[in-house]
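# structure, please.
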Amino acid sequence: EAVEGGEEELGEAEDEQDMWEESYGGHSDSKPNGPTAVAMDFTFAGLDNVYGIPQHADTFSLKDTSTTDPYRLYNLDVFEYELWNPMALYASIPFMMGHSAKGSVGLFWLNAAEGFIDIKKDGQGLLGSVSSMFSAKTEKQVDTFWMFESGIMDMFIMMGPTPKDISRQYGSLTGNTPLPQEFAIAYHQCRWNYNDQEDVNMVEAKFDEHDIPMDVMWLDIEHTDGKKYFTWDSRKFPDSVAMIENLSSHGRKLVTIVDPHIKKDSGYWVHNDLSSKGLYVKNQDGGDYEGWCWPGASYYPDFLNAEARDYFAEQYKLSVYKGSTLDCYTWNDMNEPSVFNGPEVTMAKDKMHGEVEHRDMHNMYGMLYTMATHKGHLIRSENTLRPFVLTRSAYAGSQRYAAIWTGDNTAEWGHLEASIPMCLSLSIAGMGFCGADIGGFFGNPDGELFVRWYQAAAFQPFFRSHAHIDTKRREPWLYSAGEMALIRTAVRSRYALLPLWYTLFYEQEQDGTPPMRPLWYEFPEDEGSYAKEGSHMVGSSLLVAPVLTKGSTQVNVYFPGSTLWYDIWSHQKLDVSGSMNYAAPYEKIPVFQRGGTIIPRRERVRRSAALMHDDPITLVVAPDKEGKASGTLYLDDGKSFAYQQGAKLYMQFTWDNGKMESKMISPPGMSTPVWLERVLVLGSAPPPGQVATVSSPLLTSSAQASYDYTTQVLTVRRPGVKLDMEWTIRV
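Have a look, this model is predicted:
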């Protein structure tokens, strides 16, 4: 039934200021469709904590916003972003996970427009408020209010019941992170900018001179000819192919930056092609939209148009991107998109992608760009090599195409601390291949901060050092000899664990479980872990608690569950649950292996991951209280898609009170020279003898077994079995 005066009220609303056109800060928004916002309340019943909706530089457990601004989802190029703040950053993923001891639930709203999310904790809703006047407080809950500037009601609820189930369900909607090449999970060296070809060669040689592994050198915008992407400055890089081939000869790669803004230059083929084909974003009047970015006057391709994406993909062909090789990969930056003279340093919302307003798809622009780059990598290798793309901007589904980092952070302890919740938020929202610039992009880290940052970053999925052009050079050897030695140790610790990381990335592709996980992901009933900050799991086996404050030589570590833990450096066994102050001298980051797990390592650390590919494996067994443990290992060629046709080895190891077995999880699809070099059993009792019996389909033999009474470690040396067959070891 119509309410009297309704038409008059509607008329007043239609005439409300800024509803149909808005001007602010010298910019205007024509709003041709008027007000189009959609909103809805969602209550997470029976829990205290919700997580996700990246990207924000804030705590992992999302805060109550009753007295602050809401969490904003709007991809922006933010200069020196603030910490512990709900402000918008470079990526927007409208996915939230709630968790309690009773189970997990996920919420995904498929909407790429600007969004705001308010959170009220300890809420009881209207019914709870009324009932509490007459009875005891009702069950706890978190109330959330979601609002997007435009779009439709297109929501998905994931019922779990476990966190891993949520990741699998969300992955079935938006895709899982594909297995990267091995080099991509090793160490990356970057700055804005390495000056020239000689500089690149010198830095690479210095890593070898100082015995620090490194897999990838990076070049920022100064390597191009006048900020024209797919080109080289011929004075600085007269023979880029020779430079890349020098890296390749040592098992290394190069990454070059390719941003989406296209220089307005009649002598630049990319600009001429996109203009003549009509593939730029348009103004309301149909003309090409012009903004300002690194090259000066720039245009922006309409990546919502498949033809524009296909055109960009073609540019990666070696015949087009002259001076590149198949060992040159890609960094997509500034793809929010960044427009220096635009509102909030981005594209105005009323620009047009065909018939679609930019406001309706702003947050997916960066993802669409990485789709083109990813396809380009496939085209140039004729679908034989796995792509590697790094993106700054992301949306739900970006994980299918690119890794991500946390953007332009600062050389401050708070930014080191923030890297953990930022990566955890991205990880549970699908972007499991994430990391932060080691040392901070802005500013100059002192030796202590730099060392502690390397120690923490070595246990995060994407491992890269990067710095602003105005910062001091900060290659590890430019610090003191002692600090460089500690950085070397941190980097080498990453390389020793590459078999574990590679296995975790394979398993992520299969079921969506991220390599970097919150404690409660593995211990879902441990309520003390739900709001715990500053630590995380690597897979199911490692608990990492880095030093995050200046001058600290101990960390308050929270040990979830009621299992055994083993210090990975000293092998000390800990039967502890809950919080404990743990020593963290300058040379050490507290990392603990969970009782009941087996992790694979490679102890022969070389200059790059490729040179370690066929090296033998050491298995570290950490028995639980029942004397049992298990773990997995995945092997393939490290670079191609042959594994998708079965050319792989995926095996499970089990330990049961003196008996170790290897069983294939899937049928073996290749042979390998990789063999088992050692087995370490932590916290072990002395063995009955000094000989272990080794049985495989090909032979039965013996191996030396020794015991260290100080560390309580049992070592089986050189069992001699290859890892492409099943075997048994009895001690």
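
# can you map out the strands along the stretch 501-650 of the chain?
516-517, 536-538, 542-544, 554-559, 564-567, 573-575, 578-583, 591-594, 597-601, 617-622, 628-635, 649-656 (DSSP state E, counting those that start in this stretch).

# so what sits opposite T256 in the bridge?
L219, T330 (DSSP bridges).

# tell me the contacts of the most centrally placed residue in the chain?
Nearest residue to the geometric centre of the chain (C-alpha atoms, centre = their mean): C434, 1.3 Å. Contact analysis of C434 by C-beta atoms under 8 Å, 6 or more residues apart in numbering lists A403, I404, W405, T406, M422, C423, L426, S427, Q460, P461, F462, M516. The way it works is simple: take the backbone N, C-alpha and C, and place the C-beta from them, glycine included.

# correct me if wrong: the fifth one contacts P54.
Yes - here M422 lies in contact with P54, judged by C-beta atoms under 8 Å, at a distance of 7.1 Å.

# list residues touching both of those two?
Common neighbours of M422 and P54 (C-beta under 8 Å, 6+ apart) do not exist.

# I'd guessed M364 sits against A112; true?
Yes - M364 is within contact range of A112, at 4.2 Å (criterion: C-beta under 8 Å).

# now do the shared contacts for those two.
Y395.

# show me which pair in the contacts of C434 is furthest apart.
A403 and M422 (14.0 Å; C-beta to C-beta).

# who has more neighbours out of the two?
M422 (29 against 26; other C-beta atoms under 10 Å).

# quick check, that one in a helix?
Yes - counting by DSSP: H, G, I helix; E, B strand; the rest coil, M422 is part of a helix.

# wait, doesn't E80 sit right on A411?
No - under the criterion of C-beta under 8 Å, E80 is not in contact with A411, lying 11.0 Å apart.

# between those two, which contacts overlap?
Shared contacts of E80 and A411, counting by C-beta under 8 Å, 6+ apart, come down to F442.

# these two - which one has more neighbours?
Between E80 and A411, counting by other C-beta under 10 Å, A411 is the more crowded of the two (23 against 10).

# that one contacts D437, doesn't it?
No - shown here, A411 and D437 do not form a contact pair, counting by C-beta under 8 Å, at 9.3 Å.

# and the helices in this structure, which stretches?
6-14, 125-131, 163-174, 197-209, 240-248, 269-277, 306-315, 358-361, 365-380, 413-428, 447-457, 481-496, 498-511, 519-522 (DSSP state H).

# where along the stretch 51-200 of the chain do the strands fall?
71-73, 95-100, 103-109, 115-120, 141-148, 155-158, 187-189.

# include distance to D350 when you put the strands of the stretch 501-650 of the chain into TSV, please.
Formatted as TSV, these follow (distance: least, C-beta to C-beta, whole Å):
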stretch	distance to D350
strand 516-517	39
strand 536-538	42
strand 542-544	46
strand 554-559	49
strand 564-567	56
strand 573-575	60
strand 578-583	53
strand 591-594	51
strand 597-601	53
strand 617-622	57
strand 628-635	49
strand 649-656	51
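
# of the ones you listed, which is nearest N341?
Per C-beta to C-beta, nearest to N341 of those: strand 516-517, 37.3 Å.

# save the strands of the stretch 51-200 of the chain as CSV, and put in mean pLDDT, distance to D225 and mean neighbour count too.
As requested, these are exported to CSV (pLDDT from 0 to 100; distance: least, C-beta to C-beta, whole Å; neighbours: other C-beta atoms under 10 Å):
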stretch, mean pLDDT, distance to D225, mean neighbour count
strand 71-73, 98, 36, 24
strand 95-100, 98, 40, 25
strand 103-109, 98, 42, 23
strand 115-120, 98, 39, 21
strand 141-148, 98, 41, 21
strand 155-158, 98, 46, 15
strand 187-189, 98, 23, 25
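
# quick one: those as JSON lines, columns for distance to L326 too.
As requested, these are arranged in JSON lines below (distance: least, C-beta to C-beta, whole Å):
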{"stretch": "strand 71-73", "distance to L326": "37"}
{"stretch": "strand 95-100", "distance to L326": "35"}
{"stretch": "strand 103-109", "distance to L326": "36"}
{"stretch": "strand 115-120", "distance to L326": "40"}
{"stretch": "strand 141-148", "distance to L326": "41"}
{"stretch": "strand 155-158", "distance to L326": "38"}
{"stretch": "strand 187-189", "distance to L326": "18"}
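
# sorry, back to before: closest to S640 among the contacts of C434?
A403 (18.8 Å).

# was I right to think that closest one contacts F433?
Yes - using C-beta under 8 Å as the test, A403 is close enough to F433 to be in contact (3.9 Å).

# what's the overlap in contacts for those two?
Joint contacts of A403 and F433 (C-beta under 8 Å, 6+ apart) are P180, A184, P461, F462.

# now the third one: how far from A436?
In this case it means P461. Look at P461 and A436: by C-beta to C-beta, to the nearest Å, they are 11 Å apart.

# quick check: neighbours shared by these two?
Both P461 and A436 are contacted by C423, under the criterion C-beta under 8 Å, 6+ apart.

# how long is stretch 284-303 end to end?
End-to-end span of stretch 284-303 (C-alpha to C-alpha, to the nearest Å): 17 Å.

# cool, and stretch 398-409?
For stretch 398-409, the end-to-end distance is 21 Å (C-alpha to C-alpha).

# one more: stretch 567-580?
End-to-end distance for stretch 567-580, by C-alpha to C-alpha: 13 Å.

# now stretch 401-417
By C-alpha to C-alpha, the extent of stretch 401-417 from end to end equals 27 Å.

# average pLDDT across that stretch?
The average pLDDT for stretch 401-417 rounds to 98.

# before we move on, what about stretch 661-671?
On average, stretch 661-671 scores 97.

# buried sites along it?
Going by neighbour count (16 or more other C-beta atoms under 10 Å), the buried part of stretch 661-671 is E661, S662, P668, G669.

# same thing with stretch 473-481?
Buried residues in stretch 473-481 (16+ other C-beta under 10 Å): R474, E475, P476, W477, Y479.

# pretty sure the third one is touching T489, no?
No - checked against C-beta under 8 Å, the pair P476 and T489 is beyond contact range at 10.8 Å.

# now do the same for M516: its pLDDT.
Per-residue pLDDT puts M516 at 98.

# skipping adjacent residues, who's closest to it in space?
S427 (5.0 Å; C-beta to C-beta, 6 or more residues apart in numbering).

# okay, now the one you found: neighbour count?
S427, neighbours per other C-beta under 10 Å, totals 30.

# where are the low-confidence patches of this protein?
1-17, 123-138 (pLDDT under 70).

# what about 90?
1-26, 122-139, 687-689, 697-699, 720 (pLDDT under 90).

# circling back to that earlier point, reformat the buried residues of stretch 661-671 as JSON lines; add distance to P445.
Listed next are these as JSON lines, based on distance: C-beta to C-beta, whole Å:
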{"residue": "E661", "distance to P445": "47"}
{"residue": "S662", "distance to P445": "44"}
{"residue": "P668", "distance to P445": "46"}
{"residue": "G669", "distance to P445": "45"}
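
# nearest to T391, of the shared contacts of A403 and F433?
So of the shared contacts of A403 and F433, ranked by how close each gets to T391 (C-beta to C-beta), first place is F462, at 11.1 Å.

# is it true that the closest one touches D437?
No - F462 lies out of contact with D437 (C-beta under 8 Å); the separation is 10.0 Å.

# more neighbours: which of those two?
Neighbours were counted for F462 and for D437 using other C-beta under 10 Å; D437 has more, 26 against 22.

# residues contacting the closest residue to the more buried one other than its chain neighbours?
In this structure, D437 finds its nearest non-sequential neighbour in H466, 4.1 Å apart by C-beta to C-beta, 6+ apart. Taking C-beta under 8 Å, 6+ apart, we find H466 in contact with C190, R191, W192, W218, W405, D437, I438, G439, F441.
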